[in-house]
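**Student:** The following block contains a protein sequence and its predicted model.
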Amino acid sequence: MFEQLKELICNYVDIAPEDILPESRFIDDLGFNSYDFMSLLGELEETLDVQVDEQEVLGLHTVEDAVKYLETLKK
């Protein structure tokens with residue numbers, strides 16, 4: 001899941017995949033703005049065939065947070 005998420009992240013920000021770490025913060029470290037983050041979530045929904053809860057994703061600050069959340073949706 002982590003590798004797949006890294007690939008998608010690279011579609012939205014100009015950062016090399018190897019520079020994306022589990023503890024990378026979407027806004028502070030990766031340079032996401034709220035629009036990019038919501039677009040990424042939409043792409044994740046399509047790619048992974050999941051439905052994210054908009055209230056729950058507000059608590060996702062790091063890549064690892066997102067991976068853990070997405071893994072709960074895939075069960």
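**Tutor:** Sure, I can see it. Numbers count the residues shown, from 1 in each chain.
**Student:** contacts and neighbour counts: CA atoms only from here.
**Tutor:** Noted.
**Student:** quick one: low-confidence parts of this protein?
**Tutor:** Judged against pLDDT under 70, the low-scoring parts of the chain cover residues 75.
**Student:** Please enumerate the helices of it.
**Tutor:** Assignment of helices within the chain using DSSP state H yields the ranges 2-9, 34-48, 54-57, 63-73.
**Student:** nearest to I27, of those helices?
**Tutor:** Among those, helix 34-48 comes nearest to I27, with 8.2 Å by C-alpha to C-alpha.
**Student:** And the closest one, how far out from the chain middle?
**Tutor:** Here the centre of mass of C-alpha atoms in helix 34-48, compared against the chain's by C-alpha atoms, centre = their mean, to the nearest Å, lies 7 Å away.
**Student:** contacts for it?
**Tutor:** Outside helix 34-48, the residues within contact range by C-alpha atoms under 8 Å, 6 or more residues apart in numbering are 8-9, 12, 26, 50-52, 74.
**Student:** would you turn those into CSV with distance to S39 and neighbour count?
**Tutor:** Formatted as CSV, the entries for those read as follows, by distance: C-alpha to C-alpha, whole Å; neighbours: other C-alpha atoms under 10 Å:
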residue, distance to S39, neighbour count
L8, 10, 16
I9, 10, 22
Y12, 9, 16
F26, 13, 21
V50, 14, 14
Q51, 14, 14
V52, 12, 15
K74, 20, 10
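**Student:** now for these, which pair is the farthest apart?
**Tutor:** When the contacts of helix 34-48 are compared pair by pair using C-alpha to C-alpha, the farthest-apart members prove to be Y12 and K74, with a separation of 23.1 Å.
**Student:** So which of the contacts of helix 34-48 sit within strands?
**Tutor:** Helix and strand membership here follows DSSP state E; of the contacts of helix 34-48, not one is in strands.
**Student:** Give me the distance between the closest residue to E7 other than its chain neighbours and Q55.
**Tutor:** Leaving out its chain neighbours, the residue that sits closest to E7 by C-alpha to C-alpha, 6 or more residues apart in numbering is P17, at 6.7 Å. Note on P17: its distance to Q55, by C-alpha to C-alpha, to the nearest Å, is 28 Å.
**Student:** between the two, which one's more packed in?
**Tutor:** Comparing P17 with Q55 by other C-alpha atoms under 10 Å, the one with more neighbours is P17, at 14 against 8.
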